[in-house]
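Q: Here is the input, now give the coordinates:
(chains A, B and C, ligands or ions: 2)
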Amino acid sequence: ADEVSEGDVIEARLASEEIEGDFMTVWAEYFAEHMYEETDGQFQLDVYPFGTLGDNRDINELAQIGVVEFVFSDFAWISAFVPEAQVLSLHYLWPRERMPEVLEWVVNEGNIMAFLEDAFRQNGLVPLGIVYEGWQWITSQPEARTLDDLAGLRTRVMGSRLLVEDYRAYNMSPTPMDYGEVYSALQTGLIDAQVNPLFANYSMGFYEVTDYFTQMWAEPFLGIPTVNMQFFDSLPQEMQDLMMGYFKDNIIAAADWIDERNAADRARIEEERPDIVWTEWDDAEIEQARELAMTVWEDTYPDIAGDGAVEALEILLEDIQNAQIALGME
Amino acid sequence: MALLWISMVAMLLLGFPFMVVILGSLLMYIAVTMPGFNYTVMVQQIINGISPPALVAVPMFILGASIISSGESAKKLIHMVKTFVGHIPGGLPITTNVSCTMFGAVSGSTQGTVAAIGTTMRPMLLKAGYSSPFSLGLIINSSDVALLIPPSIGFIVYGVVTSTSIGRLFLAGIVPGLLIVLLFSIYCVIYSKVNKVGVLDKASWAERRAAVKSGGMVIGFPILIVGGIYTGIFSPTEASAVAVLYALFLEGVVYRTLKWKALVKSALDTGIITGVVFVLVGAGQAFSWFISFLRIPQQVMPMLIGTDPTQMQIILLVVVSYFIMCMFVDPIVAIFVLSPIFQPYVISLGIDPVFLGTLVVLQATIGSATPPFGCDIFTAQLIFRRPYWEVIRHTPPFTLIEIGVTALIIIFPQIVLFLPNSALI
Amino acid sequence: MLEVLKRTGHRLILAIDRAEVAIITGSVAGLAILLIANVIARTFLQSLYWADEVARFLMILITFVGTSYAARKARHIRMGAFLDLMPARLEKIFIIIISIFSAGVLFLLARFSFQYMNQMRMLGQTTPALQVPYWLFMIIVPIGFGMGGVQYVRTVFKNLIEDEVWLSAEQQSEYDEEITHGY
Ligand code: NA
Ligand code: NA
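A: Numbering: from 1, shown residues only, chains lettered A, B, ... in the order given. Ligands and ions are numbered 1, 2, ... in the order given. Take a look at the predicted model:
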């Protein structure tokens, strides 16, 4: 790619997989502002919210072929482009306590980002960090208080093979389905449950058609801001450093933002549906579920994800352990 | 951009295939104004346009209807319905209108409705003496009302894009939807009386019993689908496959008229209609992608409404924009493209998003049957193999009724809001 | 010599026709079977998690083979209203111009689809459920556009060689099948 010379205005585009006002689009706009100010207006980034440039698969691909320079996507979607990133879809990798701090340590001090950058680069992309968007909630019609309650629940998950295996391990019946179909499928009882972060459960109205919200502490929803490799490599070093730094420096700030948003959304749900039952699993339940999740780590995951992904899991587990030690958690 | 619009209109009028017009104009536009651009995005977006899983319902409903139409079922159903409503003025078109709305309400696919109900009802209407343009106008407009009655893909998409409660949107659509069905029915009665068509001899109860005995199973078709969806046994997409299964059961097991050759022909016809419609859906998607990518709406908006618009200005602009846009592209695409543009104004001016969403989906309803490019005009053109002029000739009365309802809602927002505001959720 | 060429051409056209018909018919049937199987599987066992992906593949197949077939049979949607009003000679001229332009557009799209497919192949992207290379889904796209382009070229020659007006190489008038169309 052409080298960018000093003083040229650089115009770039970022496609977000969330709508205006939701986490990824808001933080993409903060990123754009930050870059504009720090470069004295030299770097100008236009943010395209979800729906304007195609579906999830499209926008990742647009970044890969360089039609847009940036994409803000989630851990499940990016896996279709970077198989090694599937490691982030495994259950019970992350501790329930102080998740954003652990993530911040892993991203900034651990070895996983270097490993992922290699993997992303082989696919024409460069990751700018990993951000936390709250834990995934299961909303269901029959109650999901225990592991046994999960058995047989027809549950909508994204159409990723590994996610299907994650939930199948708890004897659930994962049902991939179009996002737009989920509401009426819950309403008619076509499915019993679905998995999403809290803000999505509020904005999509899933709380209107399910009575039980369950926190298994299995899977945080993770966002991955990504830049096209050729574009990134053509930029001056200072600009690359600015980009690389932004999301890594703001993991905690972004987590606070989303936690606040989630708390506000939860308050709104509780106000509109005081009868909803909120359940958070305790250690005993988590331990049992974790054992089942481990069968996926050990058996299914290596089959699906291949050698690179197995290495990714080893690195990530070590990082997480070191993070907990560094944070004085163990 | 002006060059693009002028060349498109000229080519369309001269009889170029629509697919070629849309894609050819885009190619020319990119070549002239965006040198070095990656053309493969066009292909990506064409494929993206035909990819939503819910679209699979379209060929399946067409196939089910085609199987039924090629055998005995249609004739028996026609006979049965005729013995009951044939003697009422406007009885047949009212049946068409109500069945389309009911079927479309659950199938969620206006194109599937045109195929499934339209192919069954049109021969009956023609035999009863209604003109071909009237039957076509009635079928496509009645099918499109399905967009307002839950579950509606239009409301789901609007809810997703604007973070509006889908449950409240669903409730909001019911009254305007039923109002339109009522007004269409009144129009059918007046039309039938003025033109003195549709009134047949009243059948005896013995005739009716016999007709129900031979044709009653066909009624199982909508009942199975409606019941299956509302009880959660299958999704609208799956219901379309169940419709095929039931069609095979009826024609193969009950009536034993199913011929292998007819079945193969049904599959082929279905595939061709699907291909022709879907390549256009894809082309429309590619086109709107470029409109978004070039940020054309963001440039045009300030010119239209200045910097300090009022509530009413925004509401009218939304209505007019969707009305025009839905005449050209698929309503779902229009919602994706336009909603984010208006959303900041909607929030800052405190416009109720449920109220606005209902107006938006109503415009999609109108636009799907409005020339030049309402998508169900082409669906009807293909399914019934009638010329363009004939399909659109009798749409104005229906469109006027719907524009009237739009005005009514703007003047009395309570028509839309009283249900969602009084409901408990 | 010319006879041999003509006969081979005829056979080729017949073979293409049969192949297109078989693919379209088979894909529609396959789609129906797949969806029905999925209802049964989800009700009694578990959803076929790959059903959406296979359905999507079949839809792409139907659309692009259908595009080629429809070009051959003049079934692409167009507004024939003004064309119908023209005198035969003028109509013929317009059909030739339209067909040349259409062939050009479809050939270009065939080229870009081929490039897109190659991009996918090089980037090694896989589908989320089945984990098969994504570019395999695309193979039919350049073929469908390319074959469609060929049909418009044939239309040009047909109209140049013969006296009558032909909408496509295999279709003379648009509405000749109507009314008894099985419905
Ligand atoms: Na509906
Ligand atoms: Na309409």
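
Q: surely A:Met244 meets A:Glu117?
A: No. In this structure, A:Met244 is not within contact of A:Glu117 by C-beta atoms under 8 Å, at 9.7 Å. Bear in mind the C-beta positions are built from the backbone N, C-alpha and C, glycine included.

Q: for stretch A:297-305, which positions count as buried?
A: Neighbour-count burial for stretch A:297-305, with 16 or more other C-beta atoms under 10 Å in any protein chain shown as criterion, is recorded at A:Trp297, A:Thr300, A:Tyr301, A:Ile304, A:Ala305.

Q: tell me the SS of the second one?
A: Using DSSP: H, G, I helix; E, B strand; the rest coil, the secondary structure recorded for A:Thr300 is helix.

Q: show me the contacts for it.
A: A:Leu162, A:Glu165, A:Ala169 (C-beta atoms under 8 Å, 6 or more residues apart in numbering or on different chains).

Q: In strands only, show me these.
A: Here DSSP state E is the test, and the contacts of A:Thr300 give no hits in strands at all.

Q: Which of these sits closest to B:Glu390?
A: Nearest to B:Glu390 among the contacts of A:Thr300: A:Leu162, at 53.1 Å, using C-beta to C-beta.

Q: number of nearby residues for the closest one?
A: The number of residues packed near A:Leu162 is 25, by other C-beta atoms under 10 Å in any protein chain shown.

Q: B:Thr370 now?
A: Neighbour number of B:Thr370 under other C-beta under 10 Å is 26.

Q: Retrieve the pLDDT associated with it.
A: Note on B:Thr370: pLDDT of 84.

Q: quick one: least confident of the contacts of A:Thr300?
A: Within those, lowest confidence goes to A:Leu162 (87).

Q: Pull out the buried residues from stretch A:88-105.
A: Result for stretch A:88-105 [16+ other C-beta under 10 Å]: buried residues A:88-96, A:98-105.

Q: In three-state terms, label A:Arg156 for me.
A: A:Arg156 - assigned by three-state DSSP - is strand.

Q: name the element the closest residue to it other than its chain neighbours belongs to?
A: Nearest residue to A:Arg156, sequence neighbours excluded (C-beta to C-beta, 6 or more residues apart in numbering or on different chains): A:Gln194, at 4.0 Å. Using DSSP states H and E, the element containing A:Gln194 is strand A:193-197.

Q: Could I have the CA atoms of the next helix or strand after that strand written out in PDB?
A: Once the chain leaves strand A:193-197, the next helix or strand it forms, by DSSP H and E, is helix A:198-203. Presented in PDB, the C-alpha positions along helix A:198-203 are these (Å, rounded to 0.1, in the frame of the first residue of the first chain):
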ATOM      1  CA  LEU A 198     -28.400  -7.200  29.000                       C
ATOM      2  CA  PHE A 199     -28.600  -4.100  26.900                       C
ATOM      3  CA  ALA A 200     -29.700  -6.200  23.900                       C
ATOM      4  CA  ASN A 201     -32.400  -8.000  26.000                       C
ATOM      5  CA  TYR A 202     -33.700  -4.600  26.800                       C
ATOM      6  CA  SER A 203     -33.600  -2.900  23.400                       C
END
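
Q: I'd like to know which elements whichever helix or strand comes after helix A:198-203 is packed against.
A: From helix A:198-203 onward toward the C-terminus, using DSSP H and E, the following helix or strand is strand A:212-215. Contact analysis of strand A:212-215 by 3 or more C-beta pairs under 8 Å, 6 or more residues apart in numbering or on different chains; DSSP states H and E lists strand A:131-140, strand A:277-280 as its packing neighbours.

Q: 10 Å - rerun?
A: strand A:131-140, helix A:147-150, strand A:193-197, helix A:198-203, helix A:251-272, strand A:277-280 (3 or more C-beta pairs under 10 Å, 6 or more residues apart in numbering or on different chains; DSSP states H and E).

Q: Going by mean pLDDT, which of the ones you listed comes out lowest?
A: Averaging pLDDT over each of the helices and strands packed on strand A:212-215 puts helix A:198-203 lowest, since it has a mean of 88.

Q: Could you confirm A:Val47 falls within a strand?
A: Yes. Under three-state DSSP, A:Val47 sits within a strand.

Q: wait, what's in contact with it?
A: A:13-16, A:20, A:24-32, A:70, A:72 (C-beta atoms under 10 Å, 6 or more residues apart in numbering or on different chains).

Q: How about A:Gln64?
A: Per C-beta under 10 Å, 6+ apart, neighbours of A:Gln64: A:71, A:81-82, A:120, A:123-125, A:226, A:228-229, C:119-120, C:123, C:125.

Q: partners of the strand holding A:Gln194, with directions?
A: Here strand A:193-197 has these sheet partners by DSSP bridges: strand A:131-140 (antiparallel), strand A:154-157 (parallel).

Q: Pipe the ones you listed into CSV and attach mean neighbour count per row.
A: Listed next are the strands paired with strand A:193-197 as CSV, based on neighbours: other C-beta atoms under 10 Å in any protein chain shown:
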stretch, mean neighbour count
strand A:131-140, 25
strand A:154-157, 24
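
Q: need those in CSV with distance to B:Ala267, can you?
A: Below are the strands paired with strand A:193-197 laid out as CSV (distance: least, C-beta to C-beta, whole Å):
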stretch, distance to B:Ala267
strand A:131-140, 40
strand A:154-157, 31
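
Q: can those go into JSON lines with extra columns for distance to ligand 1?
A: Below are the strands paired with strand A:193-197 laid out as JSON lines (distance: least, C-beta to the ion, whole Å):
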{"stretch": "strand A:131-140", "distance to ligand 1": "24"}
{"stretch": "strand A:154-157", "distance to ligand 1": "20"}
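
Q: Looking at these, which is nearest to ligand 2?
A: Closest of those to ligand 2 is strand A:154-157, at 32.0 Å (criterion: C-beta to the ion).

Q: does the nearest residue to A:Met204 once chain neighbours are set aside count as helix, strand or coil?
A: Spatial nearest neighbour of A:Met204, excluding adjacent residues (C-beta to C-beta, 6+ apart): A:Tyr183 at 6.4 Å. Recorded secondary structure, A:Tyr183: helix (three-state DSSP).
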